[in-house]
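Visitor: Quick one, fold the following:
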Amino acid sequence: MQTIGNVWLWSGFAIVVIAALLADLVLMRHGGPHKVTFKEALWWSIGWVLLALSFNAGLWWYLQQTAGEAEANRIGLEFLTGYLVEKSLAVDNIFVFLLIMGYFSVPEHLRQRVLVIGVLGAIALRAVMIFAGAALLNQFHWLLYVFGAFLLFTGIKMWFSAGDEPDLESNPALRFMRKHLRLTPQYHGNQLVVEKEGKRWFTPMFAVLILIAVTDVIFAVDSIPAIFAITMDPFIVLTSNVFAVLGLRAMFFLLAGAADRFHLLPYGLAVILVFIGTKMMIVDLYKIPVLVSLGAVVLILAATMILSVLRPAKGGHGA
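Guide: Now for the predicted structure:
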């Protein structure tokens, strides 16, 4: 599969991501575990967005010098569209994280640790799935139609289930853990496992991390096909995905108190998935321009967020 990625671009991307993760781990945790304020989360969220845009600008400049302005513009739009789609889908991911944290009453000072592990796991998982997906699509073009149909089905399902609270009690992973593992009723700091009377017990922190990991898998299955509808270049797919995931932790704390304000957002995400799924299924008949895709995504997100503010939810999270 063709890609603009070369050893210099991949190396530069890896250096930026590693440096960003180290800065996040060191600076955001400055002063030890603490409750992240809205102001702190807001500045970090802005910083992550600016980092992604700066990377895109640097990539555009490099391609303009090496491949021409037309190619630079095309790749720049693909990255921006993919980043926006993945960032949007990450919001729905955040809502589920909020539900899991609330269900297990995770202490404020422990939430950062859970999210750090969740973000690192999401990055690793997406890298594996993206390269596997790229290899499969390169060999089996008809998988595009399968991915498109899957996104179409997911979007329709999301539309009709929007506003419904996920039922953690019926979650297979949680039911399995309760049936096969000894779970302590209280937290033991950051510990995942403790010894009691010679027996191994798992803490609620362990259960939370497992459910976060399962959530990462579920959302990756949705988001990876979505980005392949924007571009087939593995470099753009991975970079836009990773930059969207990098800001997940700050976004969690930013949206922690604002989930109800954007109660119509799941409907917008459902429409975006249906649009992208349709785009993927008709790719051999008509290729929707990237600029049109970008405009559609921005318009849908803006409309649902504005409508959420104009028509506040009557009670709790949901439409």
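Visitor: ok, now how distant is the residue located most distally from the centre of the chain from R182?
Guide: For the chain, the largest distance from the centre (CA atoms, centre = their mean) belongs to E197, which lies 41.0 Å off. Using CB to CB, to the nearest Å, we find E197 at a distance of 11 Å from R182. For glycine as for every other residue, the C-beta is placed from the backbone atoms N, C-alpha and C.
Visitor: What ranges does this structure have for its strands?
Guide: Using DSSP state E, the strands of the chain run over 193-196, 199-202.
Visitor: What is the last one packed up against?
Guide: Which is strand 199-202. Packing partners of strand 199-202 (3 or more CB pairs under 8 Å, 6 or more residues apart in numbering; DSSP states H and E): strand 193-196.
Visitor: what pLDDT, on average, does the strand it packs on get?
Guide: Mean pLDDT, strand 193-196: 86.
Visitor: Which neighbours in the sheet does that strand have, and how are they oriented?
Guide: strand 199-202 (antiparallel) (DSSP bridges).
Visitor: Let me see the mean pLDDT of the partner strand.
Guide: Rounded mean pLDDT across strand 199-202 is 89.
Visitor: contact partners of it?
Guide: Contacts to strand 199-202, defined as CB atoms under 8 Å, 6 or more residues apart in numbering, come from residues M177, L181, R182, L183, T184, L192, V193, V194, E195.
Visitor: swap the cut-off to 10 Å and go again
Guide: 177, 181-185, 188, 191-195, 210 (CB atoms under 10 Å, 6 or more residues apart in numbering).
Visitor: try stretch 278-298
Guide: Residues from elsewhere that reach stretch 278-298 (CB under 10 Å, 6+ apart): 73-82, 84-85, 87-88, 141, 143-152, 155, 225-226, 228-232, 268, 271-272, 275-276.
Visitor: Drop anything exposed from the residues you listed.
Guide: 74-82, 84-85, 87-88, 143-144, 147-148, 150-152, 155, 225-226, 228-232, 268, 271-272, 275-276 (16 or more other CB atoms under 10 Å).
Visitor: Show me what the longest helix anywhere in the chain packs onto, helices and strands only.
Guide: Taking DSSP state H as the criterion, the chain has its longest helix at helix 69-103. Helix 69-103 makes packing contacts with helix 38-66, helix 108-139, helix 204-228, helix 234-246, helix 248-255, helix 265-281, helix 290-310 when contacts are defined by 3 or more CB pairs under 10 Å, 6 or more residues apart in numbering; DSSP states H and E.
Visitor: Next, A67: phi, psi?
Guide: Per-residue torsions, A67: phi -120, psi -10 (degrees, to the nearest 10).
Visitor: is it true that it touches I75?
Guide: Yes: the criterion here is CB atoms under 10 Å, and A67 meets it with I75 at 8.1 Å.
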